[in-house]
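Visitor: no letters, just coordinates:
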DNA sequence: AGCACATGTTTTTTT
DNA sequence: AACATGTGCT
C-alpha cells in the first residue's frame, strides 16, 4: 500500500516521477496541491529522501503553511524549506550575508517606502513629480529589475534623453537603497541570482543540498525566479514545476508565460504530465470556464472535464445599481443559509478591485451575516502599525534613513523640516546615516534650541532601546517602544474612538510579536520584520470558515468555494478600462483579464452568480457601465437571467444629477416620479442608459423597471406564453415596431425572439 | 512649527 | 469618496 494509491493515474504519475525535470500542467481543480503534497510525502516516506533536501516554493505563505501541515499529517515529518520565492531569498540572503558581504539587518522596503524613496530621488535630481510620476518611475525600475537589467544596462540601452534620465534615476534609487541597507521586493530576487552568480561556491552548497525542487504556480514566475530555479536545479535536475498557463494573472508584475510554455526547450529531457480531470466544479460551471478561456489565442490548450453532473445553471444577475448588487448578494446568501443548503462560510464574493468591497461590506454589516474581507486596508499598512514597525526597523537597521525620517517626529516632538534638513546636510557631509549623525550631534552646533533638545531625547530613546534590546524578548521590545516613544501617551491624550482603535491595533501587533516568539525556534527581530514585510493579504487574514469571504479575484487564486459570486461584471471594471484601452493596440492585452475571469469562474464548486450593475459609483461620481464582454462569451444554455432593482434608489449627488439631467431631456423628464430612479432613455446617450443588457448588436433599449405601466403585454416583467417553450417572463425589449426583439426567460432557458414572428400570447 | 483649508490624485491586481 | 500633498496663515 503506497501513499500514492489515493491519486488518480495522471496524478500518481506526476507524484512518482521524481527523477529529472517534470512539468505538470494542472488545470483548475485538478488536484494540483494534492499532487504536490503527495509527491513530497512520497519522497520522504517511500524514497527515503531527508526532508532538508527538498525545496518547495509556493505562491503565498498561507499555501506554504497548508502544504507543510498536510505533509506532516501524511508522514509525520516537518519540511523546513517550504515558502515563497521572496521569503526563501530573504532567508538565504541573511543566512549567507557574511559570504555575500551584506549586512544581515537589511530592511525590506514595501510599496510605501519605495515611493518615499523615489520621491526623494526625484527631488535630488530636481525632477518635477508632476512631469514624471513617481509611480511611473517605480514601474520602469521594477520592469528593468524583472528583466535583470541594472542601471548600467539601462543606460547603455537608453534611446534618447528621457530614457537616459530614467537610467540615472534608477542608479540613484539603487544607491540610496544600498546606502539605507535596504532591498525592495524585486531586489530580493535579483540580488539572490546575482550573489549566486558571483559566489558559485555558495551556490554549489545549495545545489548539492536541494536534491528535489518543486515550484507551484509556475505560470506566474518571472525572469529572476526562473533563473533562480535554473541555478538551484542545475546539479540534480530534479525540478518539478506545476502550473497552468490559463491561470497566469501576474504578467502585469513581470510574470513570464514563456517560463511554462518553453519548459520543454529549457529541459529537453523533461517529462510532461497533464491533469485535466476536474474534481471541483459542476459540469455547467466547467463548460462556462472552458468557453470563456477558449477565446484566448496564447495558450497551450486544454479542456477540463468532470464526471460530476451538470449542476445548477449559472445565474446572471442584472442589477440596477451597485447597491442593489450588494443587496442581491446578501439576500441570496441569506436565502441559501435559511434553506439550510449552505453555510455563510461556503460562500465567497470576488471582485476586480478592492474599492468594490465597501458597498458589499456595508450591506453585509446590515444583514448581520458573518463576513471577512481579504486585503483592502491591510493590518500592516495601517499608519500606527507602520509607525511602530518603523521604530523596530530602525533598531534592526540604523542605516535606514527613510525609516528614520518616518518617525523622527512621530509622535510630535518639535522636530520640523528645517531641523531635519540640517541634520541631513550634516549627515551627507560626514557620510553618515541620519542615525549615526544624530549620535554625533556635537558636530552640528548650529542646531539649537528646543529642536536640539528634542533630537537629543530622541537619540537617547533609540540608544536606550538598542542597549536593552538583548535583554528583552520581542514583545517586550514592542511594548517598550510603544511606551517610551510617547506613542501610547499620544493616543491616550487624543481621547477619541479612532485613537482607541489605533491603540488596539498596536496592542494586537504586540500580541502577534508574542505569538511569533512562542512559535518560532529562533525568533529574532529580523525574522519578525521579514515575515511582516512579505505577507500577502491572504496570509494576514485569520482562518475563518464561518464567514462569507470577500476578496479580489487575484487573492482567490488557488482557493475554492461551494458558492461564488463575481460582482461588477462590467466593461471598464472587469475588464478594467486600462485593459480595454490597451487592447485596442494589442489584442493580447485582453487575454490576461480573461484568464482572471477564468480563475474566478473555476473557484466555484456548485453555484456561480455573476452580477453587474447599470449604475455605479466610481471616483465619487456616478457612472453607467455596460455589461462585461466576458458575459457574452458564456454559452446561453448555461445561464439563467435575473434582474434586481434597487428598492431604495440612492439620492443622487449634485454632480450626478447634473450629468443625468444633461443626458435625459425628453418631455417626460419632469414628470418622472421622484421615488423611482429615472428610467434610462434610449437613443440619446446609450452609454449612459440605465439598466439593460445586450447580447450582441447594440440595441435601442427600453426602460427595464418592473411594473412599467405601458399596458402592453410585451413589456419587460410581463409573462407570456410561447407555443413551443411555454410560459416565460420578458426580461428585455429592444428595437421598435416589427424589429422589436424580446429576451425571455422560459424556465431556466433564456431565449431571444423577434416579437413580430414569435406567436406570443399574454399569460397570467 | 503646526494648523486649517484647498486642491489634486487615485483604482487594477500583489510579492 | 478618501487620501495625500500643497499653501497660506497664525
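Guide: Thanks, I have it. None of these values were measured; they are calculated from a predicted model.
Visitor: would you map the strands across the stretch 301-450 of chain A?
Guide: Using DSSP state E, counting those that start in this stretch, the strands assigned to the stretch 301-450 of chain A run over residues A:314-321, A:347-351, A:371-373.
Visitor: so which of these gets nearest DNA strand B?
Guide: strand A:347-351 (8.6 Å; CB to the nearest atom of the strand). For every residue, glycine as well, the C-beta is placed using N, CA and C.
Visitor: just the buried residues of that closest one, please?
Guide: A:347, A:348, A:349, A:350, A:351 (16 or more other CB atoms under 10 Å).
Visitor: then stretch A:254-271?
Guide: Buried residues in stretch A:254-271 (16+ other CB under 10 Å): A:254, A:255, A:256, A:257, A:259, A:260, A:263, A:266, A:267, A:270, A:271.
Visitor: any chance of CSV for those residues, columns distance to DNA strand C, secondary structure and pLDDT?
Guide: CSV is the format used below for the buried residues of stretch A:254-271 (distance: CB to the nearest atom of the strand, whole Å; DSSP: H, G, I helix; E, B strand; the rest coil; pLDDT from 0 to 100):
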residue, distance to DNA strand C, secondary structure, pLDDT
A:254, 25, coil, 90
A:255, 28, strand, 92
A:256, 32, coil, 92
A:257, 34, coil, 90
A:259, 36, helix, 93
A:260, 38, helix, 92
A:263, 42, helix, 93
A:266, 43, helix, 92
A:267, 46, coil, 94
A:270, 48, coil, 95
A:271, 50, strand, 95
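Visitor: of all those, which two lie farthest apart?
Guide: The widest separation within those, taken as CB to CB, falls between A:254 and A:271 and amounts to 27.8 Å.
Visitor: now residue A:588, nearest residue through space, not along the chain?
Guide: residue A:298 (5.9 Å; CB to CB, 6 or more residues apart in numbering).
Visitor: now the helices for the stretch 101-250 of chain A?
Guide: Assigned by DSSP state H, counting those that start in this stretch, the stretch 101-250 of chain A shows helices spanning A:111-124, A:134-146, A:151-157, A:160-179, A:185-198, A:200-209, A:223-233.
Visitor: near DNA strand C at all, the second one?
Guide: No. Contact of helix A:134-146 with DNA strand C (CB under 7 Å from any atom of the strand) is absent, the minimum separation being 8.7 Å.
Visitor: may I see the buried residues of that helix?
Guide: Within helix A:134-146, the residues scored as buried using 16+ other CB under 10 Å are A:134, A:137, A:138, A:140, A:141, A:142, A:144, A:145, A:146.
Visitor: where does the stretch 651-764 of chain A dip in pLDDT?
Guide: A:651-719, A:722-761, A:764 (pLDDT under 70).
Visitor: now the buried residues of stretch A:254-271 as JSON lines including distance to residue A:100?
Guide: Conversion of the buried residues of stretch A:254-271 to JSON lines gives the following (distance: CB to CB, whole Å):
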{"residue": "A:254", "distance to residue A:100": "23"}
{"residue": "A:255", "distance to residue A:100": "26"}
{"residue": "A:256", "distance to residue A:100": "26"}
{"residue": "A:257", "distance to residue A:100": "31"}
{"residue": "A:259", "distance to residue A:100": "26"}
{"residue": "A:260", "distance to residue A:100": "30"}
{"residue": "A:263", "distance to residue A:100": "30"}
{"residue": "A:266", "distance to residue A:100": "27"}
{"residue": "A:267", "distance to residue A:100": "28"}
{"residue": "A:270", "distance to residue A:100": "32"}
{"residue": "A:271", "distance to residue A:100": "35"}
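Visitor: mind checking pLDDT for the residue of the stretch 601-750 of chain A found nearest DNA strand C?
Guide: Taking CB to the nearest atom of the strand, DNA strand C has its nearest neighbour within the stretch 601-750 of chain A at residue A:620, 2.5 Å off. Listed pLDDT for residue A:620 reads 80.
Visitor: before we move on, what about residue A:125?
Guide: Residue A:125 is given a pLDDT of 83.
Visitor: next, count neighbours for it.
Guide: 12 (other CB atoms under 10 Å).
Visitor: residues in contact with residue A:266?
Guide: residue A:230 (CB atoms under 8 Å, 6 or more residues apart in numbering).
Visitor: thought residue A:413 was touching residue A:457, still the case?
Guide: Yes. The pair residue A:457 and residue A:413 passes the contact test of CB atoms under 8 Å, sitting 7.3 Å apart.
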